[in-house]
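> Pasting a predicted model and its sequence here:
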Amino acid sequence: MTSLRRTPPASSTGNMSHKNYDSDTLSERGGNDYVRQKRRRQSDEDIIMLSNKIDQYFSELKQQNAELRDSLQFMSDKYDTTLNMISKMEEKRLEDKKQIAKLEERLEFMIASIEIRNIPSSSKENKKKETKEDICELVQGFAKTLSVSLNESDIKDVYRVTTNKETIKPIIIELNRPRKPVYVSEVLTSRTQKIYHMARQFVKDYNYSYCWTSRGTIYIRKTEGEQAIRIESEEDLNKLKLKQ
């Protein structure tokens with residue numbers, strides 16, 4: 001007969017140990033999952049924070065670029081405006097230069113030339129054609145009447161000019177250039193003459209560049225291009241002194 005061997009029952013202590021091991025393993029796995037989830041959440045939060053910072057940085061950078069672009073555009077517009085102003089000023093300077101040349105030429109002619117009107121021709125009395133010598137004698141006689149010394153050597157040329165309105169032709173006397181400069185100024189009242197003298201002294205003392213009269217009114221100017229200042233009384237000069 002075959003003998004049967006009875007398998008002893010499993011020890012209750014071994015089962016308990018196995019159950020405890022499974023429980024610890026599950027707890028450890030749960031703890032690891034929690035840590036991983038926590039780290040994952042922390043990593044996500046860090047990524048979001050970093051992304052926000054990057055967005056903020058680029059937003060500020062865009063704003064700075066926009067401001068820089070606006071500044072560059074402003075400077076470009078100002079540069080174009082300045083070039084335009086310089087171009088216009090240069091054109092104005094050339095026009096003024098031409099005008100000054102014309103005025104100097106005209107002034108030179110005015111200083112060296114005299115026009116006399118309503119002196120009848122000597123040819124009517126002598127019944128002969130009037131010559132240059134006749135006109136010269138008329139001019140010298142006219143100067144003598146005015147107590148003005150006018151020698152024949154002072155006269156460069158003398159002639160009559162034709163006009164549409166006058167029956168007696170005016171006489172033009174071209175004089176030789178005087179050795180001394182000729183100054184032409186307005187006739188001012190004694191009060192205006194006194195203020196004009198004070199204004200010229202003020203211009204010298206306070207480094208102003210210009211002082212002149214126009215139609216009996218006194219003007220001064222600090223530098224070229226500035227607005228002219230009208231001087232009507234000594235009080236106007238005193239006010240300007242207080243501002244210096």
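Received it, and whenever you're ready, just let me know what you need.
> need the helix or strand of this protein with the lowest average pLDDT.
Scoring the helices and strands of the chain by mean pLDDT, DSSP states H and E places helix 123-126 at the bottom, with a mean of 61.
> roughly how far is the helix or strand following it from the heart of the chain?
For helix 123-126, the following helix or strand on the C-terminal side (DSSP states H and E) is helix 132-145. With CA atoms, centre = their mean, to the nearest Å as the basis, helix 132-145 stands 55 Å off its chain's centre.
> What are the buried residues along helix 132-145?
By neighbour count on 16 or more other CB atoms under 10 Å, the buried set for helix 132-145 is Asp134, Ile135, Cys136, Leu138, Val139, Gln140, Ala143. C-beta coordinates here come from the backbone N, C-alpha and C atoms, glycine included.
> so the spatially most central residue of the chain is in which element?
In the chain, the C-alpha nearest the mean C-alpha coordinate belongs to Met85, at 6.9 Å (CA atoms, centre = their mean). If you go by DSSP H and E, Met85 is part of helix 12-112.
> Repeat that for Trp212.
strand 210-214.
> In the sheet, which strands lie alongside that strand, parallel or antiparallel?
Strand 210-214 sits in its sheet next to strand 217-221 (antiparallel), going by DSSP bridges.
> so where's this structure shaky on pLDDT?
Flagging of the chain using pLDDT under 70 yields the residue ranges 1-35, 105-112, 123-127, 164-166, 177-185.
> Swap in 80 and give it another go.
1-44, 46, 101-114, 122-128, 146-148, 162-167, 176-187, 244 (pLDDT under 80).
> What residue spans form the domains of it?
As recorded under automatic domain parsing, the domains making up the chain are 28-105, 117-175, 190-243.
> after the helix holding Met85 comes which helix or strand?
Next element after helix 12-112 (DSSP H and E): strand 113-116.
> who does that following strand pair up with?
strand 171-175 (antiparallel).
> what comes up buried for the partner strand?
Ile171, Ile172, Ile173.
> now do stretch 190-204
Under the neighbour-count criterion of 16+ other CB under 10 Å, stretch 190-204 has Thr192, Ile195, Tyr196, Met198, Ala199, Phe202, Val203 buried.
> out of those residues, which one sits closest to Ser209?
For these, the minimum distance to Ser209 (CB to CB) is 7.5 Å, reached by Val203.
> Show the contacting residues for the closest one.
Ser209, Tyr210, Cys211, Ile220 (CB atoms under 8 Å, 6 or more residues apart in numbering).
> Out of the residues you listed, which end up buried?
Among the contacts of Val203, the ones that count as buried by 16+ other CB under 10 Å are Cys211, Ile220.
> any chance of the contacts of Val203 in a markdown table, plus distance to Met49?
Below are the contacts of Val203 laid out as a markdown table (distance: CB to CB, whole Å):
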| residue | distance to Met49 |
| --- | --- |
| Ser209 | 69 |
| Tyr210 | 71 |
| Cys211 | 75 |
| Ile220 | 71 |
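> so which of the contacts of Val203 comes closest to Thr81?
Distance to Thr81 across the contacts of Val203 (CB to CB) is lowest for Ser209, with 27.8 Å.
> pretty sure that closest one is touching Glu224, no?
Yes: in terms of CB atoms under 8 Å, Ser209 counts as a neighbour of Glu224; the distance is 6.8 Å.
> which residues does Ile229 contact?
Neighbouring residues of Ile229 by CB under 8 Å, 6+ apart: Tyr219, Ile220, Arg221, Asp236, Leu240.
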